[in-house]
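1. Okay, predicted coordinates and the sequence, questions at the end:
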Amino acid sequence: MVRHHFIVRFMRSWLVFVLAATIIPTVGQAELAEFGPPPASAPFDDVDDATLQAEVIQQVLDFLNKLHRHSGERPEQLRAVVEPIERQDENTIITLHNLREHGVLEGYEFWKGSLTGGQYVLVQRPVNGLNEFIGYYTSLKRALTAAYGEPGFDRVVWDNDLYRPMPDYWGVAVMIGHLRYHAAWETAEGTITLELSGNRYSRMSVEYRAGAEHAQT
C-alpha cells in the first residue's frame, strides 16, 4: 500500500511538468519535481530487458492503433474506451498508468471536436540500467520501421561530447541532456515522431498527428 501511494504521488508530481512541456502548451511552467537516487532495495541491471522492451512496444502499438481506430471521434466517444482519465477538457484527454515502476502518460488531442492526434510519454523512474531507455528507443524504432518502413527523419544529436567515447554510459548522457535521439515516419494517415531526451531523468515520447485529409474539420 505504501508503495502504491508513493507511485501515485510521483505520477502527480511530474504530470504538470510533462503537460506544460508537451501536450498542453497553455499550462504554465511548473517546477521540476525533485528526483533522488532509487532506494537501496531497487534492482539495478536486474531487469529482463527483452521483456520490458516488448511491453513498451506493445503499449505504443496499442496506443497508435487506438488513435487510428478512433480518429475523428468526439471526446465523449473516446472517454468510453480510455481509462483511468486523469484530466480532460474540450481539447484534451489525459490518462496515467505505470509500466512496471516507470510513469506513462497517454494524451489524446482534439481539434474542432474531432480526435486528430496524441502522445505517449514514458518517464524514467527508477534507474534500472544505465542504457535502459536507449534499449527502449532502439527496439521501438525497429518495430516502427518494420511497420512503416525506414524513417524519413533519423537523427542522433550530441549537445555535449563528454560521454561520446563511452557507449556504456550513453544512457547517462541522455539523462543529463547531453544526447538526444529523434526519428519520424510519414504514413498514409499522418506523422509519427519518436524521441528520446532527458533532464535529470530519461523521457521517451511517441507523437502522432493525423494528416490534413484525415483530420475532420
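-> Structure received. Numbers count the residues shown, from 1 in each chain.
2. Got phi/psi on the nearest residue to Asn199 once chain neighbours are set aside?
-> Closest residue to Asn199 apart from its sequence neighbours, by CB to CB, 6 or more residues apart in numbering: Gly177 at 5.4 Å. For every residue, glycine as well, the C-beta is placed using N, CA and C. The phi/psi pair for Gly177 (degrees, to the nearest 10) reads phi 80, psi 10.
3. Likewise for Arg100?
-> Residue torsions, per degrees, to the nearest 10, at Arg100 are phi 50, psi -120.
4. Likewise for Arg87?
-> Note on Arg87: its backbone torsions stand at phi -150, psi 150 [degrees, to the nearest 10].
5. The helix-or-strand element of the chain with minimal mean pLDDT: what's the following helix or strand?
-> In the chain, no helix or strand scores lower on mean pLDDT, DSSP states H and E than helix 2-21, which sits at a mean of 40. Next helix or strand after helix 2-21 toward the C-terminus (DSSP states H and E): helix 49-69.
6. Show me what the residue nearest the centre of the chain is bridged to.
-> The geometric centre of the chain, computed from its C-alpha atoms, lies nearest to Val121 (CA atoms, centre = their mean), at 1.8 Å. Using DSSP bridges, the beta-bridge partners of Val121 come out as Leu105, Ser205.
7. Wait, it touches Glu207, no?
-> No: applying CB atoms under 8 Å as the test, Val121 and Glu207 come out as separate, 9.0 Å apart.
8. State the number of residues packed around the closest residue to Asp161 other than its chain neighbours.
-> Leaving aside its chain neighbours, Asp161 sits nearest to His178 (7.8 Å; criterion: CB to CB, 6+ apart). When neighbours are counted by other CB atoms under 10 Å, His178 registers 19.
9. likewise Ala143?
-> Neighbour count of Ala143, defined by other CB under 10 Å: 17.
10. Tell me where the model's unsure across the protein.
-> 1-47, 212-217 (pLDDT under 70).
11. before we move on, back to that, where's the residue nearest to the centre of the chain relative to His97, distance?
-> Note on Val121: its distance to His97, by CB to CB, to the nearest Å, is 11 Å.
12. One more: Leu61?
-> Counting by CB to CB, the gap from Leu61 to His97 is 16 Å.
13. ditto for Ala54
-> For Ala54 relative to His97 (CB to CB), the value is 17 Å.
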